[in-house]
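**Q** sequence and predicted structure are below.
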Amino acid sequence: MNLYRLLLAAAFGIESIPTLILIKDGKAIAKSVGYIDKSSLIKFIER
């Protein structure tokens with residue numbers, strides 16, 4: 001893993017994968033850690 005990816009993960013507080021972060025206007029507005037099924041993923045994205 002390169003330094004950029006490490007810094008990016010640290011900036012968003014990512015400690016494990018999979019981690020999904022919704023970003024709007026440059027700011028994280030929602031975060032999900034761990035597996036999510038398809039229907040939950042769709043609901044997460046449609047926030």
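**A** On my side now, so go ahead. Numbers count the residues shown, from 1 in each chain.

**Q** what count of nearby residues applies to L20?
**A** Residue neighbour count, defined by other Cβ atoms under 10 Å, stands at 15 for L20. C-beta here means a position set from N, CA and C on the backbone, and glycine is covered the same way.

**Q** that's a strand at it, yeah?
**A** Yes: checked against DSSP: H, G, I helix; E, B strand; the rest coil, L20 lies within a strand.

**Q** tell me the pLDDT at it?
**A** We have a pLDDT of 93 for L20.

**Q** before we move on, what about D25?
**A** Reported pLDDT for D25: 94.

**Q** do the same with M1
**A** What the model reports as pLDDT for M1 is 60.

**Q** what's the answer for the one 4 residues further on, then?
**A** According to the prediction, R5 has pLDDT 88.

**Q** what's the strand or helix carrying it packed up against?
**A** Counting by DSSP states H and E, the element that carries R5 is helix 3-11. Helices and strands touching helix 3-11, as assessed by 3 or more Cβ pairs under 8 Å, 6 or more residues apart in numbering; DSSP states H and E, are absent.
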